[in-house]
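Participant: Coordinates for the following, if possible.
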Amino acid sequence: MDAHRKAHHTIVVTGAAGGIGFAITRRLLRDGWHVVATDIDQNALDAAASTVDARSQFHPIQMDVADRSSVAAAASALSTNGQTVAGLVNAAGLLQDVTAFLAMNEHQQRTIWNVNYFGSVICTQVFGEQMAVTGGGSIVNITSINEHRPLPLHAYAPAKAALGALTTLTAGELGRAGIRVNAIAPGFTLTPILKGKIAAGKRDVKTIKAHTALGRLVEPDEIAAVASFLMSDDASAISGASIPVDAGWLATSHWMNFADLQHGSQDTDAGAGQPD
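Facilitator: Predicted coordinates:
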C-alpha cells in the first residue's frame with residue numbers, strides 16, 4: 001500500500017526550509033513521497049530546492065501558516081493540480097530566547113502562539129478536511145520536550161504543551177475519518193538555529209550532554225526518521241502518541257538533583273532514589 005500512496009499522494013511539510021522541517025522533507029523525498037514544501041521564507045525555499053535530489057517530487061509553495069487565507073490558497077492549488085494530500089507535518093515554528101516572564105509583552109506571546117500553535121490548528125483543519133474527503137492520512141505535529149517538561153521559555157513551552165494536547169484531541173476526533181495524528185517531541189537538536197545559539201554562548205553543550213542518557217544531542221535526521229515511520233503503513237495502528245526524540249533527556253535530566261548519581265556512584269540501599 002505504501003508504494004501506491006507514495007506514487008500518487010502528497011505530504012505537506014510546513015517550515016520545510018528550516019532545520020527539522022528540511023530534514024523531514026529530505027527523508028520523505030528519499031522514501032519516494034511527493035512533498036509539498038511550504039515555508040514563509042521564499043529565499044529559503046529556493047535554497048532548499050537547489051539542494052534536493054528528487055526535484056520532480058519536490059513542490060515548493062510559499063505559505064504563512066498563521067494566515068488562514070494563505071493556507072487555504074495553498075490547499076486550493078494542490079486540489080486544482082490534482083494532488084491528493086496523504087499527510088501533513090506541522091514543523092513550522094518560532095524559537096524564543098530566554099526572557100523573564102514579567103518582562104514579556106503580549107505581542108511577544110502572541111507571535112509565538114500564532115505560529116507554533118494556531119498555525120498547526122489552521123493547517124490541520126484545512127489539510128485535514130482534504131484528507132477526510134480523500135480517504136484519510138497521517139498528521140505529525142512537531143512539539144518539543146517542553147511538551148512534557150517546560151523549560152524557561154514562557155511562550156514557547158506553553159504553546160508546545162498546547163500542541164501536544166491538540167494532538168490527542170484531534171487524534172480522537174479524526175480517527176474515524178481515517179486520519180492518524182501523532183506528535184514528535186524533539187530534544188536539543190543540532191539545527192542551524194541551535195548551533196547559532198551555542199556559538200553565541202546561549203546554550204551550554206557540555207551541560208546539555210550531561211543531562212541526557214546518551215550523552216549527546218539529537219541530529220535533525222533522527223527526527224526525520226521518526227516522522228517517516230509515522231507516515232508509513234508500519235505505524236497504521238498508532239494515533240494520539242507523542243514520541244520524545246531527545247537522546248534520553250526526559251529520562252535522566254532530573255537525575256542531576258542527586259549528587260551521588262552525578263558522580264557516578266549509585267546508592268543500592270532500599271531507600272535509594274527516594275526524595276529526602
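
Participant: Low-confidence ranges, the stretch 151-276 of the chain, go.
Facilitator: Applying pLDDT under 70 to the stretch 151-276 of the chain flags the ranges 259, 261-276.

Participant: all strands for it, in order.
Facilitator: 179-186, 242-245 (DSSP state E, counting those that start in this stretch).

Participant: deepest of those strands, which one?
Facilitator: Highest mean neighbour count among those (mean count of other CB atoms under 10 Å): strand 179-186, with a mean of 26. Just so you know, the C-beta spots here come from the backbone N, C-alpha and C atoms, and that holds for glycine as well.

Participant: And the pLDDT for the closest residue to Gly137 other than its chain neighbours?
Facilitator: Leaving aside its sequence neighbours, Gly137 sits nearest to Met131 (CB to CB, 6 or more residues apart in numbering; 3.9 Å). On pLDDT, Met131 comes in at 96.

Participant: I'd assumed Ala37 was in a strand, is it?
Facilitator: Yes. According to DSSP: H, G, I helix; E, B strand; the rest coil, Ala37 belongs to a strand.

Participant: List the contacts of it.
Facilitator: Residues in contact with Ala37 (CB atoms under 8 Å, 6 or more residues apart in numbering) are 13, 16-17, 21, 25, 45, 48-49, 58-61.

Participant: Mind doing that once more with 7 Å?
Facilitator: 13, 16, 25, 45, 48, 58-60 (CB atoms under 7 Å, 6 or more residues apart in numbering).

Participant: Same question for Ala251.
Facilitator: The contact partners of Ala251, by CB under 7 Å, 6+ apart, come to Ala213.

Participant: ok, it to Gly187 distance?
Facilitator: Relative to Gly187, Ala251 is positioned 10 Å away (CB to CB, to the nearest Å).

Participant: Wait, Ile184 touches Pro244, no?
Facilitator: No. With contact defined as CB atoms under 7 Å, Ile184 does not reach Pro244; the gap is 8.1 Å.

Participant: For the residue lying closest to His148 once chain neighbours are set aside, give me its contacts.
Facilitator: Once flanking residues are discounted, His148 sits nearest to Leu250: 5.7 Å by CB to CB, 6+ apart. By CB under 7 Å, 6+ apart, Leu250 lies in contact with 145, 148-149, 244.

Participant: Please repeat the previous calculation with a cut-off of 6 Å.
Facilitator: 145, 148, 244 (CB atoms under 6 Å, 6 or more residues apart in numbering).

Participant: Check whether the first one really touches Ala247, as I assumed.
Facilitator: Yep, that's Ile145 we're talking about. No. At 10.2 Å, Ile145 does not count as touching Ala247 under the criterion of CB atoms under 6 Å.

Participant: Mind listing the shared neighbours of those two?
Facilitator: Shared contacts of Ile145 and Ala247, counting by CB under 6 Å, 6+ apart, come down to Gly187.

Participant: So the residue nearest to Gly137 is in contact with Ile179, correct?
Facilitator: Yes. Because the distance of 5.3 Å satisfies CB under 6 Å, Met131 is recorded as touching Ile179.

Participant: shared neighbours of the two, which are they?
Facilitator: Gly137.

Participant: Asp221 - nearest residue in space that isn't next to it in sequence?
Facilitator: Excluding the flanking residues, the one nearest Asp221 by CB to CB, 6+ apart is Ala23, at 5.3 Å.

Participant: next one: Gln108
Facilitator: Excluding its sequence neighbours, the residue lying closest to Gln108 (CB to CB, 6+ apart) is Ala155, at 6.3 Å.

Participant: Any idea how many residues pack against the one you found?
Facilitator: Counted with other CB atoms under 10 Å, the neighbours of Ala155 add up to 20.

Participant: Next: Asp260.
Facilitator: So Asp260, with other CB under 10 Å, has 11 neighbours.

Participant: Could you do Ser70 as well?
Facilitator: For Ser70, using other CB under 10 Å, the count is 18.
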